[in-house]
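# When you get a sec, could you give me coordinates for this:
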Amino acid sequence: MQLNKKIGLAVASLLASTQLHAEDWLLDSSVMSYQETDNEGQDRVSIIEPIVILTRQYDTNDFFRYTFVYDSLTGASPNGALAASVPQEFPSFTVPAGKTPLDPNFSDQRLAVSIARGKPLNDDSRYEATGSFSIERDYLSVGAGYSYLKDFDNGQTTLTTSVGLSYDVISPKGGLRPEFGSIFDTLTSPSGRLLLADSLLKDDDDDDDDDEDERYDDDDFFDGERKASLEGLVGVTRVLNRHTLLSANYSISASNGYLSDPYKVISVVDSEGLPVDYLWEKRPDSRLRQTLMTSLVTAIGNDSLHLSYRYYWDDWGIKTNTLDLKYHLNIGKHLYLVPHVRHSDQGKADFYRLSLNEGDPLPDYASADYRLADMTTRTAGIKLGYHLSAQASFSLNLEQIRQEGDSHPAEAIGDQRLHDLFPSVKMYVITVGYQKNW
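Residues are numbered from 1 along each chain as shown. Below you'll find the predicted structure:
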């Protein structure tokens with residue numbers, strides 16, 4: 001599965017508190033620990049993510065930056081089916097009555113690398129070119145980007161334009177799923193080999209590796225589905241006065257290809273709301289995303305306030321409003337604290353469905369993935385930083401994130417009304433960072 005793309009955010013946050021000088025090397029490193037748990041007492045996904053960023057600074061805006069990211073994910077992930085008053089059987093696991101179905105076989109690793117080159121074009125303009133590559137057990141992505149920045153009014157105003165392109169290959173373990181096909185039907189891999197339902201999530205170390213009729217061959221990785229994305233951004237940053245900086249940008253992204261999640265299902269229920277089958281989800285094969293974002297940074301004595309607002313919408317019907325607030329508090333010469341709060345409200349996708357009714361015609365698209373549902377996300381955290389010397393610093397960032405949705409939606413029928421259909425989820429994030437330049 002595709003993981004969240006964090007490299008850009010990691011670079012921005014890690015570089016924020018360190019000033020580079022000509023002919024400097026900068027090492028930015030961090031290790032993040034992430035843990036999910038829901039209000040049913042079920043542990044979900046755990047992530048360990050080390051990041052190393054090396055920057056070679058030749059002069060102002062003249063640099064090479066190398067980024068290395070490794071993700072290790074384990075745990076249990078919601079597969080899209082709903083809780084029910086009866087035990088539920090899936091190809092490789094069983095869910096007790098009354099519990100939200102979580103796939104306990106969730107496991108993945110990702111390695112991502114990127115390189116960026118920034119260079120001035122003249123006294124008031126510069127560019128940054130990037131290339132990236134990431135690979136997982138079932139996902140491969142390559143990308144490239146180019147940004148052009150132009151200063152006006154003696155550097156008081158900066159115009160930024162950028163474009164990016166990515167190309168992904170999706171090759172889920174067990175082969176590609178037929179959209180709206182039953183999970184208990186025999187499947188066919190991209191190579192044409194038949195796969196039995198109970199072998200979809202079989203561990204790589206299981207026996208019968210030579211049985212090509214039941215096993216997916218890793219050599220067929222590049223026979224998976226494709227997805228291509230084109231992104232663009234236009235932004236303006238303005239120095240309002242000696243204390244305040246204001247920025248605004250608009251971004252747009254168009255994706256085409258395979259956009260479904262090959263591991264998500266949707267329940268088919270009878271008139272009493274009890275499951276009778278599970279179908280692989282089906283999403284549109286194109287998506288247009290747009291974002292407007294504005295941010296304000298202002299100095300307050302020796303401290304600074306960081307405020308941003310983001311509005312997102314796409315042609316799947318999702319709309320999101322996000323407000324983010326940070327306060328950088330300096331305590332003496334070496335210590336600083338950064339309290340952080342964020343609030344986000346998301347509206348559901350047009351094709352989000354709790355379930356499908358037995359006997360009804362299939363819709364064009366349907367997904368029960370909770371990430372496409374109405375939800376509210378709240379974040380509270382604090383970062384502690386300490387300057388060990390003029391060249392080195394240490395940081396510890398703690399965050400708690402809480403996601404909540406409609407536990408008892410109006411469209412629930414029969415047995416569904418007896419259960420929490422959107423268990424609240426808490427996420428705990430701990431990030432330890434170390435920076436050094438020489």
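# For the rest of this, base every contact and every neighbour count on C-alpha atoms.
OK.
# So in the protein, which strand runs the longest?
strand 102-122 (DSSP state E).
# which of the residues in it are buried?
102-104, 106-120 (16 or more other Cα atoms under 10 Å).
# same question, stretch 145-160
In stretch 145-160, counting by 16+ other Cα under 10 Å, buried: 145-151, 157-160.
# and the longest strand of the chain, what does it pack onto?
strand 62-78, strand 93-95, strand 125-136 (3 or more Cα pairs under 8 Å, 6 or more residues apart in numbering; DSSP states H and E).
# Could I get the average pLDDT for the shortest one?
Mean per-residue pLDDT for strand 93-95: 93.
# try the first one
For strand 62-78, the per-residue pLDDT values average out at 96.
# who's residue 109 bridged to?
residue 72 (DSSP bridges).
# Please name the bridge partners of residue 290.
Beta-bridge partners, per DSSP bridges, of residue 290: residue 252, residue 313.
# what's the spacing between it and residue 85?
Distance from residue 290 to residue 85, counting by Cα to Cα, to the nearest Å: 41 Å.
# any idea how far residue 158 is from residue 265?
46 Å.
# cool, and residue 403?
21 Å.
# Next: residue 119.
Counting by Cα to Cα - residue 119 and residue 265 are separated by 47 Å.
# any weak-confidence spans in the stretch 1-150 of the chain?
1-23 (pLDDT under 70).
# The closest residue to residue 416 other than its chain neighbours in helix, strand or coil?
In space, and not counting its chain neighbours, residue 416 is closest to residue 273: 5.7 Å by Cα to Cα, 6 or more residues apart in numbering. Counting by DSSP: H, G, I helix; E, B strand; the rest coil, the backbone at residue 273 sits in coil.
# ok, residue 273 - contacts?
Residues counted as contacts of residue 273 (Cα atoms under 8 Å, 6 or more residues apart in numbering) are 412-416.
# For ChimeraX, write the select line for the buried members of those residues.
Selection of buried members from these for ChimeraX, criterion 16+ other Cα under 10 Å:
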select :412,413,415,416
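# Format the contacts of residue 273 as CSV; extra columns: pLDDT.
Shown next, in CSV, are the contacts of residue 273 (pLDDT from 0 to 100):
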residue, pLDDT
412, 96
413, 96
414, 96
415, 97
416, 97
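# now the contacts of residue 273 in TSV, with secondary structure and distance to residue 297?
Below are these laid out as TSV (DSSP: H, G, I helix; E, B strand; the rest coil; distance: Cα to Cα, whole Å):
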residue	secondary structure	distance to residue 297
412	coil	45
413	coil	49
414	helix	51
415	helix	51
416	helix	47
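# Quick one: the contacts of residue 273 as JSON lines, columns for distance to residue 228 too.
Below are the contacts of residue 273 laid out as JSON lines (distance: Cα to Cα, whole Å):
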{"residue": "412", "distance to residue 228": "36"}
{"residue": "413", "distance to residue 228": "39"}
{"residue": "414", "distance to residue 228": "41"}
{"residue": "415", "distance to residue 228": "41"}
{"residue": "416", "distance to residue 228": "38"}
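# Quick check: of the contacts of residue 273, which lies closest to residue 49?
residue 416 (37.0 Å; Cα to Cα).
# quick one: the closest one and residue 83 touch, right?
Yes: applying Cα atoms under 8 Å, one finds residue 416 in contact with residue 83, separated by 7.4 Å.
# circling back: so which of the buried residues of stretch 145-160 sit within strands?
Using DSSP E, the members of the buried residues of stretch 145-160 that fall within strands are 145-151, 157-160.
# what's the closest of these to residue 66?
residue 145 (14.6 Å).
# Tell me which two of the buried residues of stretch 145-160 sit farthest apart.
145 and 157 (22.8 Å).
# right, and residue 254 touches residue 315 too?
No: applying Cα under 8 Å as the test, residue 254 and residue 315 come out as separate, 10.1 Å apart.
# These two: which is more packed in?
residue 254 (16 against 13; other Cα atoms under 10 Å).
# I'd like to know how far the more buried one sits from residue 317.
15 Å.
# for residue 133, same thing?
Residue 133 is 30 Å from residue 317, by Cα to Cα.
# More neighbours: the two, which one.
Per other Cα under 10 Å, whichever of residue 133 and residue 317 has more neighbours is residue 133, with 18 against 14.
# residue ranges with poor pLDDT in the stretch 151-300 of the chain?
186-222.
# Secondary structure element holding residue 164?
When secondary structure is defined by DSSP states H and E, residue 164 falls within strand 157-170.
# what's that strand packed up against?
Checking 3+ Cα pairs under 8 Å, 6+ apart, strand 157-170 ends up next to strand 139-152, strand 225-239.
# now for these, which one comes closest to residue 322?
strand 225-239 (18.3 Å).
# by how many degrees do that closest one and strand 139-152 diverge?
On the basis of axes from the mean of the first three to the mean of the last three Cα atoms, to 10 degrees, strand 225-239 is oriented at 20 degrees to strand 139-152.
# Where does residue 250 sit, in terms of helix or strand?
Applying DSSP H and E as the criterion places residue 250 in strand 244-257.
# For that strand, buried residues please.
Quick answer for strand 244-257 (16+ other Cα under 10 Å): 245-257.
# And for stretch 308-323?
In stretch 308-323, counting by 16+ other Cα under 10 Å, buried: 308-314, 316, 318-323.
# same question, stretch 265-275
265-270, 273-275.
# which one of those residues is nearest residue 385?
residue 265 (43.4 Å).
# State the distance from the closest residue to the closest one other than its chain neighbours to residue 257.
Distance criterion Cα to Cα, 6+ apart; nearest residue to residue 265, sequence neighbours excluded, is residue 280 at 4.4 Å. As judged by Cα to Cα, residue 280 and residue 257 stand 17 Å apart.
# Check residue 125 too.
Distance from residue 125 to residue 257, by Cα to Cα: 36 Å.
# rewinding a little: for the residue nearest to residue 265, what are its contacts?
Shown in contact with residue 280 (Cα under 8 Å, 6+ apart): 177-183, 262-266.
# okay, and the common contacts of residue 254 and residue 315?
By Cα under 8 Å, 6+ apart, the residues touching both residue 254 and residue 315 are 287-289.
# So what pairs up with residue 379 in the strands?
According to DSSP bridges, beta-bridge pairing links residue 379 with residue 342, residue 401.
# now swap in residue 47 and tell me
residue 34, residue 73.
# hang on, it packs against residue 76?
No: using Cα under 8 Å, residue 47 makes no contact with residue 76, being 11.5 Å away.
# list the residues that contact both of the two?
With Cα under 8 Å, 6+ apart, residue 47 and residue 76 have no common neighbours.
# Now the phi/psi pair for the nearest residue to residue 178 once chain neighbours are set aside, please.
Nearest residue to residue 178, sequence neighbours excluded (Cα to Cα, 6+ apart): residue 280, at 6.9 Å. Torsion angles at residue 280 (phi, psi; degrees, to the nearest 10) stand at phi -70, psi 140.
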